[in-house]
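Trainee: With the input below, show me the fold.
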Amino acid sequence: QVFPSQDPLDRADFNAVEYINTLFPTEQSLANIDEVVNKIRLKIRRLDDNIRTVVRGQTNVGQDGRQALEEAQKAIQQLFGKIKDIKDKAEKSEQMVKEITRDIKQLDHAKRHLTTSITTLNHLHMLAGGVDSLEAMTRRRQYGEVANLLQGVVNVLEHFNKYMGIPQIRQLSERVKAAQSELGQQILADFEEAFPSQGTKRPGGPSNVLRDACLVANVLDPRIKQEIIKKFIKQHLSEYLVLFQENQDVAWLDKIDRRYAWIKRQLVDYEEKYGRMFPQEWCMTERIAVEFCHVTRTELAKIMRTRAKEIEVKLLLFAIQRTTNFEGLLAKRFSGCTLSDGTVKKPEVPPPSTNPFLEDETGTETDEIVIEKTDVDKPKKPKVPDNPFHGIVSKCFEPHLYVYIESQDKNLSELIDRFVADFKAQGPPKPNMDEGGAVLPSCADLFVYYKKCMVQCSQLSTGEPMIALTTIFQKYLREYAWKILSGNLPKTTSSSGGLTITSLLKEKEGSEVAKFTLEELCLICSILSTAEYCLATTQQLEEKLKEKVDASLVERINLTGEMDTFSIVISNSIQLLVQDLDAACDPALTAMSKMQWQNVEHVGDQSPYVTSVILHIKQNVPIIRDNLASTRKYFTQFCIKFANSFIPKFINHLFKCKPISMVGAEQLLLDTHSLKMVLLDLPSIGSQVVRKAPASYTKIVVKGMTRAEMILKVVMAPHEPPVVFVDNYIKLLADCSTDTFQKILDMKGLKRSEQSSMLDLFRQRLPAPPSGVENSGSLSLSTPTPEQESSRIRKLEKLIKKRL
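Mentor: Okay, the predicted model is just below:
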């Protein structure tokens, strides 16, 4: 471990026999035995020399070690002696310094004690004189001088807190407390005399004595100041309680303006008479206004409880409007600094919003909602500062807001009924290909009214009434979706009507095949556009409601169900458009399956049924595209759903074309390719602007129609030899279903005996199923890659060109 070595001689499990066998593995290697022996002897001599040198080198080590140890011990003894000498000298120096500075310390202590004594005696003289003067001035009511003197006496007395054990100091402190108490009682008595709370004596005017008394009250116990403020405000509002008693006519809501007019006059009167009597930091004007608000809220709540049946919506809104205007006036006049001790809390500042649902929250109630896609990028207007007086009076109206909520419920019900009646009277919107599908004007009217209600209610309350209003919004959003939108979608009939094969074969390839008229298609597109507008606006409405409501109630605002309802309307509209075009193509597909494909003698142009399908597509799709120009994504959904519906139906009808001759299969292959090209061009068919189809749609069309082409290619292939035919089928279709293979055999017109042998061979040639799969009959091969599909498409195009 100390000297790692790779030499086999140094290993712990050294085996001489193995080592020799390693040196001489064969008989021929024994020819070098002399050389090996010489190397080992040389190595032994070198080891002996190394050992001898080491042993001789250790002969004098013990003696040298003892000599070094003795020298170290001597050096340590010398060092210890020097340290001891230094310590002794330091102690002597310290003792010498103490003797030198002893007298100086005594002088320092004496100076500090003398200074403290002089300062304390000076404070004591000031305190004794100040207490005598304070008592004398208190008796003479010299409050101006008392205000300054009292503060000084209190400050000086603080220096004697640690001397309270001395009787004389304690006596002076008690005299100061007695003087403060006497001042407080005397000032309260002076204010009671000047402003009596009871009796017929008129209140006196302001005086310099009372003004100075307020300055003294600032220094006294805060309870004295509070008592003065309370008594003065109570006396000032006593007339208000008499004038607006519950049994008076002016106390009712219709005359609520008189309450606010009265307090305005009183505040002006106070400023003129008493504005200079009270210190400015007391904010007496604001305190009077705040107390007036508290009293008014209590009195209004009491009278509204008594006369609840007389409250009407207009009266309630009138009273709330006047009250909120008054609260706004208070916010402009006062800072709200006296509300910290009250019951009204300052509302929390909500986070800034980027929602474009409302552009101006402080606008009039008739502002319209303007929701454009570009509004999201517009900067949000700065939010108006919060009103600290909001709700200080209007809070009393909140228990009666159910009257307002019930009124909005009734108004919205009438509004929805009017929308229904107007739609029936005016009929569906007229087609307008230039502007695209128009949004129904009723939805804008609905959300304008929603904005008005939301702004009104948020000014009245941000609590439970907002939740109740949200519930009303939800109710009528659902009613609008079902009555106005879903209720006016054209109805589909179960019978096929005039869509017969005979009409198709008679070359009646006109618009009479379509189920919906041009007006009905435009109506469906208009309803779809309206539903999309409602969906986006409902989401913005939810965000704005969450901004308006209290933070604790935000979780109860949820319009997801209503947004899902509009999504269902959109889905139903798209499905109607798909069903209409799909049904228009059904007779053509039926005619295709009824043709005698085994009798086709030559390949010509595209068949009549293909021309009919293309005609219906060219009739419907441009109308739908132009009317959904503002909602491009839903037009793409329409194209995808139509492709997913039409292509499987086309393949099913393809299977019904049996038996098929070689020429018939070639004609069908040509028709299939023509349909494929039309479907790939479907999103921009009939448009002057050529736009590339969405990749998701193109993938669906290519995959589905390529399968139809592969089916026909398998049908065209000879069935002899059977093994090649089966392998070719598995390679081209990648479908291991026996049902599909059976349909291919039927299309080829094989006999039952031939089909039976083919099916047996097909089952034998199927690839082995992966582990864990039991039902091999439903197996399908892996989906071909895009490269394989494109290769097959190129081969098919070459085949078609060759046939043509």
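Trainee: Only C-alpha atoms from now on, for both contacts and neighbour counts.
Mentor: Will do.
Trainee: From S5, how far out is N21?
Mentor: With distances taken as Cα to Cα, to the nearest Å, N21 is found 21 Å from S5.
Trainee: Now V549: phi and psi?
Mentor: Dihedral pair for V549: phi -80, psi 160, per degrees, to the nearest 10.
Trainee: ditto for P622
Mentor: Main-chain torsions, P622, degrees, to the nearest 10: phi -60, psi -40.
Trainee: since we're on the closest residue to it other than its chain neighbours, how many residues are nearby?
Mentor: In space, and not counting its chain neighbours, P622 is closest to G686: 6.1 Å by Cα to Cα, 6 or more residues apart in numbering. Here the number of neighbours of G686 (other Cα atoms under 10 Å) works out to 16.
Trainee: next one: T115
Mentor: 12.
Trainee: Can you list the helices and strands that the helix or strand hosting it packs against?
Mentor: In this assignment (DSSP states H and E), T115 forms part of helix 61-140. Where contact means 3 or more Cα pairs under 8 Å, 6 or more residues apart in numbering; DSSP states H and E, helix 61-140 is packed against helix 143-158, helix 167-194.
Trainee: Can you show me the helices along the stretch 351-500 of the chain?
Mentor: Counting by DSSP state H, counting those that start in this stretch, the stretch 351-500 of the chain has helices at residues 402-426, 441-460, 464-479.
Trainee: Identify each buried residue in the second one, please.
Mentor: Of the residues in helix 441-460, those scored as buried under the neighbour-count criterion (16 or more other Cα atoms under 10 Å) are 442-444, 446-460.
Trainee: Kindly report the same for the first one.
Mentor: Within helix 402-426, the residues scored as buried using 16+ other Cα under 10 Å are 402-405, 408-409, 412-413, 415-417, 419-420, 423.
Trainee: Need those in JSON lines (columns: distance to Q67 and pLDDT).
Mentor: Output for those, formatted as JSON lines (distance: Cα to Cα, whole Å; pLDDT from 0 to 100):
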{"residue": "Y402", "distance to Q67": "110", "pLDDT": "83"}
{"residue": "V403", "distance to Q67": "114", "pLDDT": "84"}
{"residue": "Y404", "distance to Q67": "112", "pLDDT": "83"}
{"residue": "I405", "distance to Q67": "111", "pLDDT": "85"}
{"residue": "Q408", "distance to Q67": "113", "pLDDT": "86"}
{"residue": "D409", "distance to Q67": "114", "pLDDT": "88"}
{"residue": "L412", "distance to Q67": "115", "pLDDT": "90"}
{"residue": "S413", "distance to Q67": "117", "pLDDT": "90"}
{"residue": "L415", "distance to Q67": "118", "pLDDT": "90"}
{"residue": "I416", "distance to Q67": "118", "pLDDT": "89"}
{"residue": "D417", "distance to Q67": "121", "pLDDT": "90"}
{"residue": "F419", "distance to Q67": "120", "pLDDT": "89"}
{"residue": "V420", "distance to Q67": "122", "pLDDT": "89"}
{"residue": "F423", "distance to Q67": "123", "pLDDT": "85"}
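Trainee: just checking, next helix/strand downstream of the helix or strand bottoming out on mean pLDDT in the chain?
Mentor: Of all helical and strand segments in the chain, the minimum by mean pLDDT, DSSP states H and E falls on helix 501-505, at a mean of 37. Using DSSP H and E, the next helix or strand after helix 501-505 towards the C-terminus is helix 518-548.
Trainee: That following helix relative to helix 441-460, how many degrees between them?
Mentor: With axes from the mean of the first three to the mean of the last three Cα atoms, to 10 degrees applied, the angle from helix 518-548 to helix 441-460 works out at 10 degrees.
Trainee: same for the next helix or strand along the chain from helix 518-548, what does it pack against?
Mentor: Proceeding N to C from helix 518-548, the next assigned helix or strand is helix 560-594, under DSSP H and E. Secondary-structure packing of helix 560-594 (3+ Cα pairs under 8 Å, 6+ apart): helix 464-479, helix 501-505, helix 518-548, helix 608-627, helix 632-655.
Trainee: As JSON lines, the ones you listed with distance to L680 would be great.
Mentor: Output for the helices and strands packed on helix 560-594, formatted as JSON lines (distance: least, Cα to Cα, whole Å):
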{"stretch": "helix 464-479", "distance to L680": "38"}
{"stretch": "helix 501-505", "distance to L680": "25"}
{"stretch": "helix 518-548", "distance to L680": "23"}
{"stretch": "helix 608-627", "distance to L680": "12"}
{"stretch": "helix 632-655", "distance to L680": "10"}
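Trainee: any idea which of those helices is most buried?
Mentor: Of all those, helix 518-548 has the most neighbours on average by mean count of other Cα atoms under 10 Å, namely a mean of 22.
Trainee: What is it packed up against?
Mentor: Against helix 518-548 (3+ Cα pairs under 8 Å, 6+ apart) you get helix 441-460, helix 560-594, helix 608-627.
Trainee: Quick one: low-confidence residue ranges for the stretch 201-350 of the chain.
Mentor: 201-209, 211-212, 215-219, 221, 275, 340-350 (pLDDT under 70).
Trainee: where does A717 fall, phi/psi-wise?
Mentor: phi -70, psi 140.
Trainee: Of the helices of the stretch 351-500 of the chain, give the one that comes closest to F326.
Mentor: Closest approach to F326 among the helices of the stretch 351-500 of the chain (Cα to Cα): helix 441-460, 12.9 Å.
Trainee: Show me this structure divided up by domain.
Mentor: By the assignment in the TED database, the chain contains the domains 145-313, 394-490+515-570, 582-765.
Trainee: how near is the residue nearest the centre of the chain to Y476?
Mentor: Centroid-nearest residue in the chain, with Cα atoms, centre = their mean: E543, separated by 9.3 Å. Distance check for E543 against Y476: by Cα to Cα, it reads 18 Å.
Trainee: Also I405?
Mentor: The spacing between I405 and Y476, counted by Cα to Cα, is 13 Å.
Trainee: Among the helices and strands packed on helix 560-594, which comes closest to E193?
Mentor: Evaluated over the helices and strands packed on helix 560-594, closeness to E193 peaks at helix 464-479, with 48.5 Å, by Cα to Cα.
Trainee: From the chain's centroid, how far away is the closest one?
Mentor: 21 Å (Cα atoms, centre = their mean, to the nearest Å).
Trainee: Quickly find the element holding F3.
Mentor: Short version, using DSSP H and E: F3 is in no helix or strand.
Trainee: ok, back up a step: got JSON lines for the domains of the chain, with distance to Q77 too?
Mentor: JSON lines is the format used below for the domains of the chain (distance: least, Cα to Cα, whole Å):
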{"stretch": "domain 145-313", "distance to Q77": "59"}
{"stretch": "domain 394-490+515-570", "distance to Q77": "83"}
{"stretch": "domain 582-765", "distance to Q77": "97"}
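Trainee: And the ones you listed: which comes nearest T116?
Mentor: domain 145-313 (11.4 Å).
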